[in-house]
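> Below: sequence and its predicted model.
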Amino acid sequence: MSWGGFTDGAMRLLEKTLNWRARNQEIIAGNVANLDTPNYTRKEMDFQNILESYSRGNLMEVSLTQTNPGHLGGSNPSQALVQETSEDVDLDQEIVRMSENQISYNASVQMLIKKLDNLRAVINGDAK
């Protein structure tokens, strides 16, 4: 999403956080789907490291990924954010992780809505 010149770093970080949380939901769903797959080890994203890397400017932008041979391709740096662990998949733990991730996603959405409401108020001259 392009915010033009109407953003601050917090809005860009919230946008990235929503993308990372959505990706994390996919990873957790993949762990659950592979619960009974022999030799499968769970995958995870380390958000603390992601945020620290992003704040230092070390995290690359996620670029295009080729989903069809007839489409344009690109690299997927977000895949590097996914780590395999040595743990087996525990359904109860994955459900807890999924719930925590959803709560964090919803909190980020609410913060972004508040930022956009503030921006709208400034544009409309309603700022207090």
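Done, it's in. Residues are numbered from 1 along each chain as shown.

> State the distance from the closest residue to residue 16 other than its chain neighbours to residue 12.
In this structure, residue 16 finds its nearest non-sequential neighbour in residue 54, 6.3 Å apart by C-beta to C-beta, 6 or more residues apart in numbering. Bear in mind the C-beta positions are built from the backbone N, C-alpha and C, glycine included. Residue 54 sits 9 Å away from residue 12 when distances are taken as C-beta to C-beta, to the nearest Å.

> looking at the chain, which helix or strand does the model trust least?
Of the helices and strands making up the chain, the lowest-confidence element is helix 47-55, at a mean of 76, by mean pLDDT, DSSP states H and E.

> can I assume the residue nearest to residue 16 is in contact with residue 17?
No. With contact defined as C-beta atoms under 8 Å, residue 54 does not count as touching residue 17 (9.1 Å).

> Show me which of these two is the more surrounded one.
The neighbour count for residue 54 versus residue 17, taken as other C-beta atoms under 10 Å, is higher for residue 17 (21 against 16).

> Tell me where this protein has strands.
According to DSSP state E, the chain carries its strands in the segments 43-45, 82-84.

> What residues of stretch 113-122 count as buried?
Neighbour-count burial for stretch 113-122 flags residue 119 (criterion: 16 or more other C-beta atoms under 10 Å).

> For that stretch, what does the pLDDT average out to?
The predicted model gives stretch 113-122 an average pLDDT of 90.

> Likewise for stretch 13-23?
Confidence for stretch 13-23, expressed as mean pLDDT, is 91.

> Tabulate the CA atom coordinates of that stretch in PDB.
The C-alpha coordinates for stretch 13-23 follow below in PDB (Å, rounded to 0.1, in the frame of the first residue of the first chain):
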ATOM      1  CA  LEU A  13       5.600  -0.100  10.700                       C
ATOM      2  CA  LEU A  14       1.900  -1.000  11.300                       C
ATOM      3  CA  GLU A  15       1.500  -1.900   7.700                       C
ATOM      4  CA  LYS A  16       4.600  -4.100   7.900                       C
ATOM      5  CA  THR A  17       3.300  -5.600  11.100                       C
ATOM      6  CA  LEU A  18       0.000  -6.500   9.500                       C
ATOM      7  CA  ASN A  19       1.800  -8.200   6.700                       C
ATOM      8  CA  TRP A  20       4.100 -10.100   9.000                       C
ATOM      9  CA  ARG A  21       1.200 -11.200  11.200                       C
ATOM     10  CA  ALA A  22      -0.700 -12.400   8.200                       C
ATOM     11  CA  ARG A  23       2.300 -14.400   7.100                       C
END
